[in-house]
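Asker: Structure, please.
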Amino acid sequence: MTAYSPAEAAARSGFSIDTLRYYEREGILSPVARNASGRRVYSDDDLGMLDFLRCLRDTGMPIERLRRYGELCRDPQTIPERIALLREHADAVEQQIEQLHRWRARLGEKLAWYHGQAADTTAAEG
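Answerer: Sure thing, here's the model as predicted:
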């Protein structure tokens, strides 16, 4: 097992050291092991969890749900609840994607209109 200092864990995960501490304090991340001098030591498992937490956060999962997911991960009997939580979030992400497609289409319409206006202006000036 590889051990990582907080600075190494922060660099590898992309989270700040303050965020790592916050996630641990809030129960989003399980309590991190400590070395003989009491300093946090992150494991490969911790980094794997942080990687997935980054995915969840980057897709817009609210902090309350991140906390709930972290809590559920500490109990091996909660796989059905984790599936439900992740399915609910996946559905929310899918709705966001659909909304983004609608907004992109709307922008395309407006751009086409402006291009038409620009072409008409250029033709009138020529």
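
Asker: Could you pull up the mean pLDDT of the longest helix belonging to the chain?
Answerer: Longest helix in the chain, counting residues (DSSP state H): helix 79-125. If you average the pLDDT over helix 79-125, you get 94.

Asker: tell me what it is packed against?
Answerer: helix 63-73 (3 or more Cβ pairs under 8 Å, 6 or more residues apart in numbering; DSSP states H and E). In this view, the C-beta of every residue, glycine as well, is placed from N, C-alpha and C.

Asker: chain center to the helix it packs on, what's the gap?
Answerer: 13 Å (Cα atoms, centre = their mean, to the nearest Å).

Asker: now stretch 54-61
Answerer: 2 Å.

Asker: how about the CA coordinates for that stretch, as PDB?
Answerer: Taking C-alpha atoms only, stretch 54-61 is exported to PDB below (Å, rounded to 0.1, in the frame of the first residue of the first chain):
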ATOM      1  CA  ARG A  54     -14.400  14.800  -7.900                       C
ATOM      2  CA  CYS A  55     -16.500  13.200 -10.700                       C
ATOM      3  CA  LEU A  56     -19.600  13.600  -8.600                       C
ATOM      4  CA  ARG A  57     -18.800  17.200  -7.600                       C
ATOM      5  CA  ASP A  58     -17.900  18.100 -11.200                       C
ATOM      6  CA  THR A  59     -21.200  16.800 -12.400                       C
ATOM      7  CA  GLY A  60     -23.000  19.100  -9.900                       C
ATOM      8  CA  MET A  61     -23.800  16.800  -7.000                       C
END
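
Asker: mind checking how far the longest helix of the chain is from the chain centre?
Answerer: From the chain centre to the centre of helix 79-125 is a distance of 20 Å (Cα atoms, centre = their mean).

Asker: just stretch 27-44 next, same as before
Answerer: 22 Å.

Asker: Stretch 76-88 too?
Answerer: 17 Å.
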